[in-house]
Each structure stands twice: as structure tokens, then as C-alpha cells.
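Peer 1: give the three-dimensional model of this entry:
(one chain, ligands or ions: 3)
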Amino acid sequence: MHENAQQILNNPFLNKGTAFTMTERQQLGLVGLLPPHVQTIDDQVKQTYAQYLTKPSMLEKRIFLMSIFNENRVLFYKLFSQRIAEFMPIVYDPTIADTIENYSSLFVNPQNAAFLSIDDPDSMAAALKNTASGRNIKLIVVTDAEGILGIGDWGTQGVDISVGKLMVYTAAAGIDPSEVLPVVLDVGTNRQSLLEDPLYLGNRHERVRGDRYYDFVDRFVQTAEELFPDLYLHFEDFGRSNAANILNKYKDKIVTFNDDIQGTGIIVLAGLLGALNISGEAFTDQVYMSFGAGTAGAGITQRIYEEMLQQGLSEEEARSRFYMVDKQGLLFDDDPDLTPEQKPFARKRSEFANADELKTLADAVKAVHPTILVGTSTQPGAFTESIVKEMAAHTARPIIFPLSNPTKLAEAKAEDLLKWTNGKALVATGIPAAPVELDGVTYEIGQANNALVYPGLGLGTIAAKARLLNDEMISKAAHSLGGIVDPTEPGAAVLPPVTKLDIFSQTVAEAVAKSAVAQNLNKEPIDNVKKAVADLKWVPEYKELTD
Ligand SMILES: NC(=O)c1ccc[n+]([C@@H]2O[C@H](COP(=O)([O-])OP(=O)(O)OC[C@H]3O[C@@H](n4cnc5c(N)ncnc54)[C@H](O)[C@@H]3O)[C@@H](O)[C@H]2O)c1
Ligand SMILES: O=C(O)C[C@H](O)C(=O)O
Ligand SMILES: [Mn+2]
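Peer 2: Ligands and ions are numbered 1, 2, ... in the order given. Okay, the predicted model is just below:
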């Protein structure tokens with residue numbers, strides 16, 4: 001046996017399985033290691049998909065697809081890119097939540113992720129080098145797993161969100177899978193059931209907080225930047241008390257992105273622009289209510305506020321359009337528990353005769369009459385029939401986005417929102433939702449999930465070799481999604497369909513890269529932005545491994 005043959009078969013970036021040609025088999029020492037018939041990638045895709053169909057549950061389907069991912073990246077992405085809309089709920093949200101909750105007991109393969117432990121910070125550079133293994137890393141998704149989706153703290157098991165987000169980057173935007181690195185910062189977990197689980201694979205202690213935590217994050221950022229100079233650093237699912245701090249610390253220095261704050265802000269803004277395109281109402285006339293004013297809720301609010309300014313409102317006028325509701329009820333400026341991100345949007349008690357009574361969403365909706373209601377609260381069913389009907393009684397086309405993930409945490413179902421409002425509600429959901437039939441109209445439901453924008457945003461920023469990812473680029477990303485849906489079509493969705501994710505990721509990327517170049521943020525000259533984006537795109541085809 002050729003000494004590298006087994007290594008090649010075990011390397012998912014090189015392995016082609018039965019598709020190794022006869023010449024490759026001879027030159028690489030693979031003769032006899034594979035059944036004699038050489039398959040094409042299309043044969044492999046057909047066979048793999050047929051096996052996939054035999055798996056009885058979404059979780060088993062995901063486990064099967066991940067076994068292909070573990071063994072052969074090109075085959076995995078060939079299959080995924082042909083069936084993006086079908087596979088998204090399996091590979092990504094909501095099924096990914098099940099695999100995160102069960103990560104330790106399901107563990108078979110580390111999936112080329114870097115596990116960085118706060119108990120061993122001195123090994124960080126070695127750990128990153130070992131996992132990169134000489135690859136030119138341009139994109140990292142890092143999590144500390146304190147706020148995974150809406151399911152909370154999952155310690156080391158949260159690594160799957162980094163792996164999953166990166167899979168969508170490649171399937172949607174063609175980011176080269178050999179140039180990405182999923183990372184988990186294991187700083188402990190406060191989930192007692194994990195600490196007590198004999199199978200738990202992470203550090204068995206409570207989350208480290210304060211300076212030691214921030215020093216560890218900083219050491220990670222510095223080390224990653226040194227090792228990978230062209231890095232786009234994506235932060236995912238950090239906790240409410242850290243996410244914005246980390247973004248604010250680094251966003252003016254390096255190319256960094258917080259998906260829950262910025263990605264969600266972009267997709268919700270795009271969804272609102274789509275909804276108002278359908279209703280014909282003005283953006284600046286809207287009254288916005290955020291239910292669940294945490295990382296995502298505050299990030300979205302800030303983006304919508306920036307848009308109000310851009311559309312001509314003064315800061316004071318713009319602020320007057322926003323209301324935040326969290327556990328306490330409507331947020332007021334005398335509340336000592338407000339987060340720094342909530343403060344600018346908290347109201348004065350003097351604005352309401354009954355301010356002290358506004359302790360629930362129902363009270364707040366009744367007092368404010370919002371035209372837009374966005375849920376990022378992790379409270380299932382919080383958008384009740386009576387709340388929705390109350391909202392619809394005061395606005396012709398209520399815009400309602402229940403965005404909490406996964407499915408079990410959504411504030412409402414699209415179907416109910418349409419039924420309760422006789423089809424008037426303009427709806428988008430965090431997880432995919434089937435079309436709704438009502439009174440002879442088929443309502444397509446847009447998916448307001450940051451996965452619809454972060455791949456294009458990353459592709460555009462990397463293609464432009466931008467020094468930073470700034471607000472202007474973010475705003476352009478949100479606006480670029482307009483014009484894909486025909487708003488005159490009855491039941492039109494507020495956002496473009498996931499079936500076109502690969503196409504509009506390109507659109508987003510071009511808009512973002514163009515903005516970077518227009519602002520002189522590109523580190524190297526670029527004459528043709530479209531070409532720069534197209535040239536970066538990786539396609540899932542086998543490359544000849546012989547010389
Ligand atoms: N669709 C998307 O693209 C998208 C993006 C990001 C987050 N999300 C979802 O949004 C949810 C929140 O995520 P996050 O990262 O902002 O988490 P977070 O913990 O930072 O924020 C959640 C907020 O909800 C508040 N909350 C909890 N119980 C409440 C109650 N009973 N009433 C009102 N508010 C309550 C919390 O106090 C907190 O401020 C999650 O379910 C997540 O999956 C969706
Ligand atoms: O991961 C998702 O589905 C979207 C978002 O980033 C979330 O945290 O819910
Ligand atoms: Mn997230």
C-alpha cells in the first residue's frame with residue numbers, strides 16, 4: 001500500500017471514494033482499496049440521496065448527511081447545493097438544535113473543528129494550527145455556546161452551530177470548505193444536566209466570567225488574526241451580556257461580524273422593506289415593537305432605527321417609533337436592569353397614563369398600537385390570538401415576525417397569524433414554514449433567518465478584501481434583497497425564497513463588495529467587483545489528484 005493512500009481516503013478534503021479514477025488509484029496507491037467500478041459524482045449523488053430518503057426522522061437524516069460530510073466534502077456539497085431548500089431544515093435549523101442537545105452522546109467525529117479550552121489557554125495557537133493543518137483559513141465561525149439559538153447554554157456541544165453555519169456559507173455562497181474553521185470556546189457551562197452527564201465532552205465547571213473570560217476571547221482574536229491574516233471572523237450565539245461587548249470591541253479594528261446582532265438586523269430590515277413594498281406603506285410611518293429585547297432584539301432594533309435615520313427622520317423622531325418589551329414588560333428608562341443596548345429605546349413613564357400597568361405584551365400592544373411586532377423572546381406561543389387581533393384592529397397590514405428558534409420556541413405559527421387576521425398579516429418566520437392556504441389564496445411565508453444573508457455578506461466582504469465590515473456595507477446587504485419577489489402577486493412572501501438562496505447570496509455579495517470598494521475599504525485594487533465575487537466561488541467538483 002502507498003504510504004499516503006489511507007490518509008487520502010481519510011481526508012474529507014481529498015477523498016472521492018468510488019470516484020477515484022483508475023489513473024489516480026494507480027498513482028496514489030489506492031488500487032485494491034476500493035471496489036473496482038469507478039463512479040461519477042452524479043452516480044454518487046443519486047446513490048447518497050436514495051440512502052438519505054430511507055432515514056425515518058429529521059435527526060437520522062442529519063446524522064446520515066453528516067457522515068457524508070465527515071468523509072467527502074465535495075460529495076456532501078454537491079448534494080446539498082442541488083437541494084438547498086430541502087436540506088436547510090435538516091442540516092441547519094431546526095434539526096441542528098437536536099444535534100447540539102445530544103452532541104456528546106451522538107459524537108463520532110470532531111468535523112475539523114477547533115476546541116479551545118479556557119483551562120489551557122497556552123495551547124490555543126497549537127490547537128488552531130493543528131486544526132487548520134496548513135489550510136489557508138479565511139473564515140471562522142466561533143461560538144462560546146452560551147446562547148445557542150433560543151435553547152441556551154450548551155457548552156462544548158455548541159460547536160455544532162459553528163459547523164452548521166459554515167455549511168450554509170458553502171452551500172449558499174460557495175465559500176471554499178477547505179478555507180473555513182469552526183471554533184468553540186469552551187469556557188465551561190452552567191447547564192447542570194451537562195455537568196452531571198457522564199458522557200459530556202466539555203469542561204466540567206461553571207462558565208468563567210469577567211476578565212479571565214474577556215482575556216481568553218481576546219487571546220483567541222489576536223491569535224487567529226496572527227495565524228490567518230485574511231480572516232473574516234463570525235461570532236455566533238454568545239450570551240446577552242457578552243455578544244455586543246465583543247462586537248463593539250473589535251468591529252472597528254478587524255473584519256468581524258456578529259450574526260445574531262447584525263445578520264438578524266439585516267434580514268429583518270429586508271423583510272420589512274419587502275412587507276412595505278406589498279402594503280405600500282411608508283417605512284417612516286411605522287411603529288415598531290420588539291418582543292424579547294436581547295442580543296437579536298436589540299440588534300434588529302438598532303438596524304431599523306438606522307434605516308429610519310437614513311430615510312430622513314431626526315434621531316428624536318426615529319426613537320419615538322420604537323418600543324421594547326422584555327420580561328419586565330414595556331421597558332422604561334428608570335429601570336436599573338436595562339442593558340446598554342436597550343437604554344436608547346426605553347420610554348419615559350410620563351408618556352403613559354398607566355405606565356405601571358404595562359407589564360405584559362398584551363398591555364403594551366393595547367397601549368402602543370404597533371404596526372410591526374418582531375419576536376426574539378424564546379417564548380413559544382407568546383403572540384396569542386387576542387394580541388394579534390388587537391394589533392390588527394389598529395393597522396391595515398400588521399407586520400408580524402415570530403423569529404424565535406427552533407420550532408418549539410416560535411412566538412406563533414404563520415398559519416395562525418394569517419387566520420386570525422383574515423390574511424392581512426405580513427408574516428415571516430425564523431424557521432421554514434409551509435405555504436398557507438386561506439380563502440383561495442396561497443400565502444408564501446418568507447424565512448427571516450440570518451442564514452439568508454450572512455453567506456452573501458461574508459462572500460462579498462472576503463471577495464472585496466475589505467479591511468472592515470461596516471454599517472454602510474450592512475445596510476447595502478439589506479437593501480439588495482429587494483426586487484426579487486413580485487409584491488403584486490396575491491400572497492407574495494416578504495422575502496425571497498430559500499430555493500433561490502444561492503442566487504441571491506451572489507446579489508448580496510456583489511452589493512456588499514461594491515460598497516466596500518466605493519468606501520475604499522479594499523486592501524488591494526479591484527476593477528471588477530462582480531468578477532471578484534465570481535472568482536472566489538468554489539464549486540463542488542472533484543479535482544484531478546494526479547500529476
Ligand atoms: N431568525 C433569526 O435569524 C434569529 C436570529 C437570532 C436569534 N433568533 C432567535 O431569537 C431568540 C433570542 O435570541 P437572542 O440571541 O436574542 O437571545 P437573548 O437571550 O440575548 O435574548 C432573549 C431575550 O428575551 C427575553 N425574554 C425571556 N423571557 C421573556 C418573556 N417571558 N417575555 C419577554 N421577553 C423575554 C430575555 O430577557 C432576553 O432579553 C432565540 O430563540 C433565537 O433563536 C432568531
Ligand atoms: O441559527 C439560526 O437559525 C438563526 C439564529 O442565528 C439564531 O440564533 O436563532
Ligand atoms: Mn444565532
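Peer 1: CA only for contacts and neighbour counts going forward, please
Peer 2: OK.
Peer 1: show me which residues of the chain are close to ligand 1?
Peer 2: 147, 149-150, 239-240, 260, 264, 291-297, 326-327, 376-379, 403-406, 430, 448-450 (Cα under 6 Å from any ligand atom).
Peer 1: buried ones only from those residues, please, as a ChimeraX command.
Peer 2: The buried subset of these, as determined by 16 or more other Cα atoms under 10 Å, is captured in ChimeraX by this line:
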select :147,149,150,239,260,264,291,292,293,294,295,296,297,326,376,377,378,379,403,404,405,406,430,448,449,450
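Peer 1: so which of the residues of the chain next to ligand 1 also contact ligand 3?
Peer 2: Near ligand 3, judged by Cα under 5 Å from the ion, the entries from the residues of the chain next to ligand 1 are residue 260.
Peer 1: any idea how far the residue of the stretch 151-300 of the chain found nearest ligand 2 is from residue 413?
Peer 2: Residue nearest to ligand 2 within the stretch 151-300 of the chain (Cα to the nearest ligand atom): residue 260, separated by 5.1 Å. Separation of residue 260 from residue 413 (Cα to Cα, to the nearest Å) stands at 22 Å.
Peer 1: which residue ranges form the strands in the stretch 351-500 of the chain?
Peer 2: 372-375, 399-402, 426-429, 436-438, 441-443, 446-447 (DSSP state E, counting those that start in this stretch).
Peer 1: dump these into TSV; add mean neighbour count as well.
Peer 2: Converted to TSV, the strands of the stretch 351-500 of the chain look like this (neighbours: other Cα atoms under 10 Å):
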stretch	mean neighbour count
strand 372-375	25
strand 399-402	29
strand 426-429	28
strand 436-438	16
strand 441-443	16
strand 446-447	27
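Peer 1: want to throw those strands into CSV with mean pLDDT and distance to residue 231?
Peer 2: Shown next, in CSV, are those (pLDDT from 0 to 100; distance: least, Cα to Cα, whole Å):
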stretch, mean pLDDT, distance to residue 231
strand 372-375, 98, 32
strand 399-402, 98, 33
strand 426-429, 98, 31
strand 436-438, 98, 42
strand 441-443, 98, 41
strand 446-447, 97, 29
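Peer 1: next, count neighbours for residue 491.
Peer 2: 20 (other Cα atoms under 10 Å).
Peer 1: gap between it and residue 445?
Peer 2: Counting by Cα to Cα - residue 491 and residue 445 are separated by 9 Å.
Peer 1: could you do residue 271 as well?
Peer 2: 11 Å.
Peer 1: any buried residues in the helix or strand where residue 51 lies, and which?
Peer 2: If you go by DSSP states H and E, residue 51 is part of helix 41-53. Within helix 41-53, the residues scored as buried using 16+ other Cα under 10 Å are 41, 44-45, 48, 52.
Peer 1: what do you get for stretch 518-534?
Peer 2: 521-522, 526, 529-530, 532-534.
Peer 1: residue of the stretch 351-500 of the chain nearest ligand 2, please.
Peer 2: Counting by Cα to the nearest ligand atom, the stretch 351-500 of the chain gets nearest ligand 2 through residue 405, at 4.9 Å.
Peer 1: next one: the stretch 101-250 of the chain
Peer 2: For the stretch 101-250 of the chain, Cα to the nearest ligand atom, closest residue to ligand 2: residue 149, 3.5 Å.
Peer 1: got the residues of the stretch 51-200 of the chain near ligand 2?
Peer 2: By Cα under 6 Å from any ligand atom, the residues of the stretch 51-200 of the chain that approach ligand 2 are 93, 148-149.
Peer 1: now these in a markdown table, with secondary structure and pLDDT?
Peer 2: Shown next, in a markdown table, are those (DSSP: H, G, I helix; E, B strand; the rest coil; pLDDT from 0 to 100):
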| residue | secondary structure | pLDDT |
| --- | --- | --- |
| 93 | coil | 96 |
| 148 | strand | 98 |
| 149 | coil | 98 |
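Peer 1: of all those, which comes closest to ligand 1?
Peer 2: residue 149 (3.5 Å).
Peer 1: and that closest one, what is it in contact with?
Peer 2: 97, 237, 404-406 (Cα atoms under 8 Å, 6 or more residues apart in numbering).
Peer 1: next one: residue 69
Peer 2: 12, 75-76.
Peer 1: what's the answer for residue 341, then?
Peer 2: 244, 298.
Peer 1: shouldn't it be within a strand?
Peer 2: No: counting by DSSP: H, G, I helix; E, B strand; the rest coil, residue 341 falls outside a strand, being coil.
Peer 1: could you tell me how far it is located from ligand 2?
Peer 2: 18 Å (Cα to the nearest ligand atom, to the nearest Å).
Peer 1: mean confidence score for stretch 172-192?
Peer 2: Averaging pLDDT along stretch 172-192 gives 98.
Peer 1: next: stretch 150-164.
Peer 2: Here the average pLDDT along stretch 150-164 is 98.
Peer 1: endpoints of that stretch, how far apart?
Peer 2: End-to-end distance (Cα to Cα), stretch 150-164: 16 Å.
Peer 1: so how far is that stretch from its chain's centroid?
Peer 2: The chain centroid and the centroid of stretch 150-164 are separated by 13 Å under Cα atoms, centre = their mean, to the nearest Å.
Peer 1: check the secondary structure at residue 325 for me.
Peer 2: strand.
Peer 1: angles on the backbone of the closest residue to it other than its chain neighbours, please.
Peer 2: Among residues not flanking residue 325 along the chain, residue 291 sits closest, at 4.9 Å (Cα to Cα, 6 or more residues apart in numbering). Dihedral pair for residue 291: phi -100, psi 110, per degrees, to the nearest 10.
Peer 1: what does this structure put close to ligand 2?
Peer 2: 93, 148-149, 237, 260, 405, 449-450.
Peer 1: residue ranges of each domain in this protein, please.
Peer 2: Following automatic domain parsing, one gets these domains for the chain: 5-83, 95-254, 262-448.
Peer 1: out of these, which comes closest to residue 456?
Peer 2: Of all the domains of the chain, it is domain 95-254 that lies closest to residue 456, at 5.8 Å by Cα to Cα.
Peer 1: okay, now the unreliable bits of the chain?
Peer 2: 1-3 (pLDDT under 70).
Peer 1: tell me the secondary structure for residue 55?
Peer 2: coil.
Peer 1: am I right that it is in contact with residue 61?
Peer 2: Yes: between residue 55 and residue 61 there is a contact under Cα atoms under 8 Å: 5.4 Å.
Peer 1: neighbour count for those two, which is higher?
Peer 2: Per other Cα under 10 Å, whichever of residue 55 and residue 61 has more neighbours is residue 61, with 20 against 14.
Peer 1: against ligand 1, how distant is that one?
Peer 2: 22 Å.
Peer 1: please look at residue 435 and residue 441 and confirm they touch.
Peer 2: No: judged on Cα under 8 Å, residue 435 makes no contact with residue 441 at a distance of 9.9 Å.
Peer 1: can I get the buried residues of helix 41-53 in a markdown table including distance to residue 132?
Peer 2: Below are these laid out as a markdown table (distance: Cα to Cα, whole Å):
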| residue | distance to residue 132 |
| --- | --- |
| 41 | 26 |
| 44 | 28 |
| 45 | 28 |
| 48 | 28 |
| 52 | 30 |
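Peer 1: mind giving me the packing neighbours of the top strand by length along the chain?
Peer 2: When the chain is parsed with DSSP state E, its longest strand is strand 180-186. On a contact count with 3 or more Cα pairs under 8 Å, 6 or more residues apart in numbering; DSSP states H and E, strand 180-186 meets strand 114-117, strand 139-143, helix 159-173.
Peer 1: got CSV for the ones you listed, with mean neighbour count too?
Peer 2: Converted to CSV, the helices and strands packed on strand 180-186 look like this (neighbours: other Cα under 10 Å):
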stretch, mean neighbour count
strand 114-117, 22
strand 139-143, 26
helix 159-173, 26
